[in-house]
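# Take this sequence and fold it.
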Amino acid sequence: MIQRVQTLYLAIMIILLSIVTFGSNLFSFMNERSRFEFNSYGIVEYTKFDRHIVSTESFPFFIGTIDLILIGFLALMSYKKLDRQFKLGRMTFYIYFVMLISVITLATFGGSILIVDTGRREMGIGFFLFVAGFPFSFLANTGIKRDKKLLESLDRLR
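Purely as a prediction, here's the structure:
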């Protein structure tokens, strides 16, 4: 299990998603009197100068990241059944792609979704970690596909 490259890729993806899920900000919007921070649990509005919480809105983004972590872990642990690992890897990749598009859309147009007028947008470390995990999902799928082709060619030789 450890000697295969897709194990490393899936482990890196799981670690990056865990960091995003448990406490890093994805992006934030600012206006002249408030700061809106979006993390995996929702949107928190702070006052700009003394950082008091004005309001919080729950947004269940963490459910999707936890699902990705669990599906990635299942794909990691099903190394003996390559068909199942391939299906779980593809499912992880597609769910990750949909979530990535939604996060990029929220980061781009999230200021207009909020009622107040926002002046500045900042990307947090969670956004970059979330985006960085996506290529590892793709690379894990290519590694799984390569192993599957190798085993199929060995079955033909027998």
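# how about the strands of this protein, start to end?
For the chain, the strands defined by DSSP state E occupy 25-30, 34-39, 42-47, 53-58, 120-123.
# so where's the protein shaky on pLDDT?
Applying pLDDT under 70 to the chain flags residues 1-3, 111-118, 157-158.
# Not counting sequence-adjacent ones, nearest residue to the residue nearest to the spatial centre of it?
What sits nearest the mean C-alpha location of the chain, by CA atoms, centre = their mean, is Phe130, with 4.3 Å. Leaving out its chain neighbours, the residue that sits closest to Phe130 by CB to CB, 6 or more residues apart in numbering is Val20, at 5.0 Å. Quick note: C-beta positions are derived from backbone N, CA and C, even for glycine.
# ok, the one you found - contacts?
Contact analysis of Val20 by CB atoms under 8 Å, 6 or more residues apart in numbering lists Leu26, Ser40, Thr65, Gly126, Leu129, Phe130, Gly133.
# again, 6 Å this time
Contacts for Val20 (CB atoms under 6 Å, 6 or more residues apart in numbering) come out as Thr65, Gly126, Leu129, Phe130.
# what's the most distant pair in those?
Farthest-apart pair in the contacts of Val20 is Thr65 and Leu129; separation 10.7 Å (CB to CB).
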